[in-house]
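*Asks:* Below: sequence and its predicted model.
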Amino acid sequence: QASMSFGRFLKTLDPNLYDQYRLERYKEGDNGHANYKKPVDKYKQDSSVTAEKLDNNRRIYDSLLDRLDTLPDDHIAVKYVQNRLIPRNKWHLLYYIDDIKKMNNLSEKTKDKFFTHEDRLIIPYEDRKGHLTGFVGRALRESEHQSRYISGTISDHGPKIFGLYEVDMTKPIIVVEGQFDSLFLPNCVAVGGTDLKQIQRFLPKNLCTLVFDYQPRNTQLCKIIKQAIDLGYKVSLLPDNFPGKDINDAV
């Protein structure tokens with residue numbers, strides 16, 4: 001229940017990392033008394049240049065990765081999604097890479113970002129035109145030596161929403177937290193976190209129903225749910241007898 005600035009939190013967690021963070025802020029012109037300046041949203045201002053770059057990233061992306069539905073049934077990534085009971089007709093939305101370090105070649109923003117050589121299941125983020133904006137890499141093995149999720153950004157101003165390109169804007173849209181959860185529901189997108197209302201820049205409010213994970217004792221999540229309701233969003237609360245914390249867990 002602590003409340004503090006990000007800088008103070010980082011200093012408490014890792015003083016060495018905090019020193020690096022402070023140095024970077026000074027380089028960007030911030031002083032010790034200034035608030036962090038939110039970057040200007042250039043995504044809508046110059047979409048043609050962005051689209052050209054993102055199209056090139058898509059070609060590189062497709063050359064680096066294997067689409068899941070093209071892999072044999074005994075492949076580690078296929079076995080992973082089978083164990084999670086993800087429907088086969090959704091496998092084409094997911095990818096596999098045998099060495100995450102190869103993703104450094106994807107764009108200037110991912111250059112020198114990844115240092116290990118483990119394989120990953122890759123979940124892409126695309127905008128409404130199908131341009132690649134980023135990705136999430138899911139570990140295929142549980143290990144204390146690697147993060148369960150890692151992410152890469154291609155466009156700072158593009159949406160980080162899974163399923164946005166596939167969504168039908170003429171039908172009701174379900175918005176969930178987890179990317180895998182979205183694969184079980186019709187016309188569904190996922191934001192990869194609890195703040196589901198971040199879809200407001202990209203999807204019409206009147207079409208969306210927000211479905212949060214089942215965490216009734218999470219006070220921060222309850223505040224986010226209340227904010228979404230106050231903004232006029234339709235919200236679906238999972239019942240007390242729901243057999244899991246989210247959709248995939250229940251399945």
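*Replies:* That came through fine.

*Asks:* Residue 175 versus residue 91, what's the distance?
*Replies:* Relative to residue 175, residue 91 is positioned 22 Å away (Cβ to Cβ, to the nearest Å). Using the backbone N, CA and C atoms, a C-beta is placed for each residue, glycine as well.

*Asks:* where in the protein is pLDDT low?
*Replies:* The model of the chain has pLDDT under 70 over residues 1, 26-51, 54.

*Asks:* Which parts of this protein are helices?
*Replies:* Applying DSSP state H to the chain gives helices spanning 6-13, 15-27, 47-64, 76-83, 179-182, 219-230, 247-250.

*Asks:* what distance separates the start and the end of stretch 239-251?
*Replies:* 15 Å (Cα to Cα, to the nearest Å).

*Asks:* Now that stretch: buried residues?
*Replies:* Neighbour-count burial for stretch 239-251, counted by 16 or more other Cβ atoms under 10 Å, picks out 246-248.

*Asks:* Looking at these, which one is closest to residue 10?
*Replies:* Of all the buried residues of stretch 239-251, the one with the least separation from residue 10 (Cβ to Cβ) is residue 246, at 28.6 Å.

*Asks:* more crowded one of residue 91 and residue 175?
*Replies:* Neighbours were counted for residue 91 and for residue 175 using other Cβ atoms under 10 Å; residue 175 has more, 29 against 19.

*Asks:* Is that one bridged to anything, and to what?
*Replies:* Per DSSP bridges, the residues bridged to residue 175 are residue 189, residue 210.

*Asks:* can I assume it is in contact with residue 205?
*Replies:* No. With contact defined as Cβ atoms under 8 Å, residue 175 does not reach residue 205; the gap is 10.6 Å.

*Asks:* closest one to residue 210 among the helices of the chain?
*Replies:* Nearest of those to residue 210, taken as Cβ to Cβ: helix 219-230 at 5.5 Å.

*Asks:* Look up how far residue 89 lies from the residue nearest to residue 235 when sequence neighbours are not counted.
*Replies:* Leaving aside its sequence neighbours, residue 235 sits nearest to residue 210 (Cβ to Cβ, 6 or more residues apart in numbering; 5.0 Å). Between residue 210 and residue 89 the computed distance is 25 Å (Cβ to Cβ).

*Asks:* the more surrounded of those two?
*Replies:* Looking at residue 210 and residue 89 with other Cβ under 10 Å, you find the greater number of neighbours at residue 210, namely 24 against 9.
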